[in-house]
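Asker: A structural model of the following input is requested.
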Amino acid sequence: MKYFIVFYILIYSIGDCFSQIIDTSKHLQTFEKRTSNFLVNEDFLKSNKNLILSQERSNETIDQILEGETINYLKHYGPGTLSSISTRGGNAQQTSLIYNDFVINNPLNGMVDFSTIPSVFFNSVSVLYGISNSNLANGALAGSVILGDNQEGKSFIEAGTVQGSFQQNSNFLKINYSKSKLETSINIFRKSALNNYSYLDLNEEKKNQENASLEHVALMSSTRISLGKTDFKVIYFGQVIDREIPNGLLESPSGAFQNDINHRVFSSLKHRFSNAYVQLKSAYYNEKNIYTDSLRSVFGNNPCKTFINQFDFSKSINNFNILKINLTNSLASSNGNNYLDIAEINRTSITGSFKVNNPKYRLKHLLTTSLLFDKKYLSPFTFSYCLKREFHNHFNLYFNAGKVYRFPTINDLFWNPGGNLNLVPEQGYTGDIGIIWNKKIHKVIFSFEPSLYSRWIDNWILWQPTGSFWSPMNVKKVWNRGLETSSKVHFFNKKITYDFTLKTAYNLSTNIEVYNSNNNSQDKQLIYTPHYKLVFKSQISYKEFTFTYLHNYTGYVFTSRDNENFLPSFNLGRLFLSCRVKFKNNSAKIFYKINNLYNTNYQVVMNRPMPLINHEIGINFKIKNK
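Answerer: This next block holds a predicted model:
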């Protein structure tokens, strides 16, 4: 029945769009930038748009931004440790991190450690829920996180420092030079912390965390050259991260540590025509992860090299409709010590998108189809359909549905011991429907967006014990569904600006069919998937002073597949106070932050205690060219 409904809406909407009378007095913008940004800007699906990375957040990583201002669930052991994401009940491999239309997820495990991405390198972050339509056409079953470019088209120098609890120290420097045909920038970030924070153990006794120090150094350089209708851009993103791995409450000390060395290079060449463009893009990743636990005799060396090449073609048709074609090849290989031989995947995807605008009926449509293949797998033609309908001046309706697909990762296939060459890809169907209401009354702008979603995934890949080691298997069918809301109030006058944002999520993610009936997980909520999530942000600015409060409520999460064990819910508060001082064309901002305002004793992962109340103070300077 659900597929019939989707099919009916699709046929009815397409019939409307092709019956339009062309009105050449109205023009669409050229299909610029990237497919991911296109989806954000057009309101085809549920999103958290362009979360601004303000100066107060300059010492934070992307996981801290997402945890405080979105309804995503971030799973981590503590400050600076591995941080993975869950979107709408999906696992970490089902959310893609996208930068310049390249997927950043590590090909070995399919994940992103969001604690390694400095927010100061980017000017915004957006989250797409549901069909994200990344050019790789693989993964992103649950959604995508999109990083916004940091180049601002202006020349400036910006620097800042933050000191905090647990001997935290962070510094950054940004230099940007911009002329009409040239823009180049260099960004440097360094953060260190002992992370010897206080926590309460199982007996409610206060102790200090051990073996949790962090040293993170990162560099990003970008150059853009514009020559008439041709643009060339190259970006380098490198980092070295040394982390000690803390023990759980029930674990004996081990002295484990991890070293990450990452080099990423992105390049693009774009030529524009009167109503079209062609773009060639390439990326090279050289990532190395070394894990050492001498007491347990664990020595992991996990290097990975990835080459990605893309061809993009986009054409505007009749000033209304837009056709986009993308061809992507991704080659990833590793000679790590947990593979019997060189492990390699070579995958190619072909994606076509057609956007249709029907101004007569205030309708916009986006049709996308993709094919992904390598020497082992061939996906069926996956598809997505997105609809946006404008009602009057205040209401927008969006709907999207499609088929999704995800191939196994290198570790899933080749890890020794445990890799499983007999895995089949995850696949399923997903759909969203939502309404966006906006209304301005005098100096107050109101916004409300409720949305419903449902996703059915078959052949879900899960690592589980098989004797003396773990192995991935296609173990279950999962049904994710839920209700999400977003409410905003914005007030402004000459001296005062006030913003209030409230986001809520209710999620059910259950195993509707389990291939191994011995684990009592059928019809049970997935582990580490909260039923309830609520975040709100209240910010008031008076002249150059800003007061910001962030609140995060996370409902209980189950820690066993039979739902017998769980972690309790918790509330977290964060407080920001800042003041900006102007010096002609330059400025300085001083800020103070209180984290875990209510001194909450909580855990995000079982037996991994989190910090109690702690503080940060910092200052940023920005010098602009006149």
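Asker: which SS class is the residue nearest the centre of the chain?
Answerer: Among the residues of the chain, the one closest to the centroid is residue 145, at 2.4 Å (Cα atoms, centre = their mean). At residue 145 the chain is in strand, as set by DSSP: H, G, I helix; E, B strand; the rest coil.
Asker: okay, strands next: where are they in the stretch 201-350 of the chain?
Answerer: For the stretch 201-350 of the chain, applying DSSP state E, counting those that start in this stretch gives strands covering 206-208, 214-227, 230-244, 257-272, 276-293, 298-317, 321-334, 343-358.
Asker: let me redo that: the stretch 351-500 of the chain
Answerer: Secondary structure of the stretch 351-500 of the chain (DSSP E, counting those that start in this stretch): strands at 363-373, 382-391, 395-406, 426-441, 444-466, 469-492, 496-514.
Asker: for the residue nearest to the centre of the chain, what are its contacts?
Answerer: If you count contacts by Cβ atoms under 8 Å, 6 or more residues apart in numbering, residue 145 has them with 62, 66, 85, 95-98, 112, 114, 125-128. Using the backbone N, CA and C atoms, a C-beta is placed for each residue, glycine as well.
Asker: same check on residue 529?
Answerer: Counted by Cβ under 8 Å, 6+ apart, residue 529 has contacts 73, 86, 89, 507, 509, 557, 558.
Asker: helix/strand/coil for it?
Answerer: Per three-state DSSP, the secondary structure class of residue 529 is coil.
Asker: report the residue spans of the stretch 501-626 of the chain with pLDDT below the cut-off.
Answerer: Scanning the stretch 501-626 of the chain for pLDDT under 70 picks out 516-519, 626.
Asker: let me fix that: the chain
Answerer: The model of the chain has pLDDT under 70 over residues 1-43, 50, 132-139, 150-151, 516-519, 626.
Asker: circling back: would you mind giving the contacts of residue 529 as a markdown table with neighbour count added?
Answerer: As requested, these are exported to a markdown table (neighbours: other Cβ atoms under 10 Å):
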| residue | neighbour count |
| --- | --- |
| 73 | 24 |
| 86 | 22 |
| 89 | 27 |
| 507 | 24 |
| 509 | 23 |
| 557 | 23 |
| 558 | 20 |
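Asker: reformat the residues you listed as a markdown table; add distance to residue 180 and secondary structure.
Answerer: Compiled in a markdown table, those are given as follows (distance: Cβ to Cβ, whole Å; DSSP: H, G, I helix; E, B strand; the rest coil):
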| residue | distance to residue 180 | secondary structure |
| --- | --- | --- |
| 73 | 45 | strand |
| 86 | 44 | strand |
| 89 | 48 | coil |
| 507 | 49 | strand |
| 509 | 51 | strand |
| 557 | 52 | strand |
| 558 | 57 | strand |
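Asker: could I get those residues as CSV with distance to residue 535?
Answerer: CSV is the format used below for the contacts of residue 529 (distance: Cβ to Cβ, whole Å):
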residue, distance to residue 535
73, 11
86, 15
89, 17
507, 14
509, 19
557, 16
558, 21
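Asker: quick one, phi/psi of residue 115?
Answerer: When read as degrees, to the nearest 10, the backbone of residue 115 gives phi -70, psi -10.
Asker: surely residue 608 meets residue 82?
Answerer: No - the pair residue 608 and residue 82 does not pass the contact test of Cβ atoms under 8 Å, sitting 10.8 Å apart.
Asker: other SSEs contacting the helix or strand harbouring residue 549?
Answerer: Per DSSP states H and E: residue 549 is located in strand 545-554. Contact partners of strand 545-554 among helices and strands, from 3 or more Cβ pairs under 8 Å, 6 or more residues apart in numbering; DSSP states H and E: helix 62-69, strand 532-542, strand 570-583.
Asker: contacts for the last one, please.
Answerer: Read it as strand 570-583. Contacts for strand 570-583 (Cβ under 8 Å, 6+ apart): 55-56, 68, 544-554, 587-598, 600, 602.
Asker: now a PyMOL select for only the buried ones of these.
Answerer: If you want just the buried ones from the contacts of strand 570-583 in PyMOL, going by 16 or more other Cβ atoms under 10 Å, the selection is:
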select buried, resi 55+56+68+546+548+549+550+551+552+554+587+588+589+591+593+594+595+596+597+602
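Asker: wouldn't residue 413 be in contact with residue 343 here?
Answerer: Yes - with contact defined as Cβ under 8 Å, residue 413 counts as touching residue 343 (7.4 Å).
Asker: neighbour count winner among those two?
Answerer: residue 343 (23 against 19; other Cβ atoms under 10 Å).
Asker: mind listing what that one touches?
Answerer: Neighbours of residue 343 in contact, by Cβ under 8 Å, 6+ apart: 333, 334, 335, 336, 410, 413, 414.
Asker: the residue lying closest to residue 391 once chain neighbours are set aside pairs with what?
Answerer: Nearest residue to residue 391, sequence neighbours excluded (Cβ to Cβ, 6 or more residues apart in numbering): residue 397, at 6.7 Å. Counting by DSSP bridges, residue 397 forms beta bridges with residue 389, residue 435.
Asker: cool, and residue 348?
Answerer: residue 329, residue 373.
Asker: go on, residue 225?
Answerer: Residues in a beta bridge with residue 225, per DSSP bridges, are residue 182, residue 232.
Asker: what is the burial count for residue 261?
Answerer: Residue 261 - counted by other Cβ under 10 Å - has 15 other residues nearby.
Asker: contacts only, for it.
Answerer: Residue 261 makes contacts with 239, 240, 241, 287, 288, as judged by Cβ under 8 Å, 6+ apart.
Asker: of the residues you listed, closest to residue 423?
Answerer: residue 287 (22.9 Å; Cβ to Cβ).
Asker: the closest one and residue 304 touch, don't they?
Answerer: Yes - shown here, residue 287 and residue 304 form a contact pair, counting by Cβ under 8 Å, at 4.9 Å.
Asker: any residues in contact with both of these two?
Answerer: Both residue 287 and residue 304 are in contact with residue 106, where contact means Cβ under 8 Å, 6+ apart.
Asker: burial measure for the nearest residue to residue 286 once chain neighbours are set aside, as a count.
Answerer: Sequence neighbours aside, residue 263 is the residue nearest to residue 286 in space, at 4.4 Å (criterion: Cβ to Cβ, 6+ apart). Residues near residue 263, counting by other Cβ under 10 Å, number 16.
Asker: could you dump the strands of the stretch 351-500 of the chain into TSV with distance to residue 176 added?
Answerer: As requested, these are exported to TSV (distance: least, Cβ to Cβ, whole Å):
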stretch	distance to residue 176
strand 363-373	34
strand 382-391	35
strand 395-406	36
strand 426-441	34
strand 444-466	31
strand 469-492	29
strand 496-514	26
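Asker: and those: which comes nearest residue 272?
Answerer: Proximity to residue 272 (Cβ to Cβ) singles out strand 363-373 among the strands of the stretch 351-500 of the chain, at 21.7 Å.
Asker: distance between that closest one and the chain's centre?
Answerer: Chain-centre distance of strand 363-373: 21 Å, with Cα atoms, centre = their mean, to the nearest Å.
Asker: follow-up on the earlier one: so of the contacts of residue 145, which ones are in strands?
Answerer: 85, 95, 96, 97, 98, 125, 126, 127, 128 (DSSP state E).
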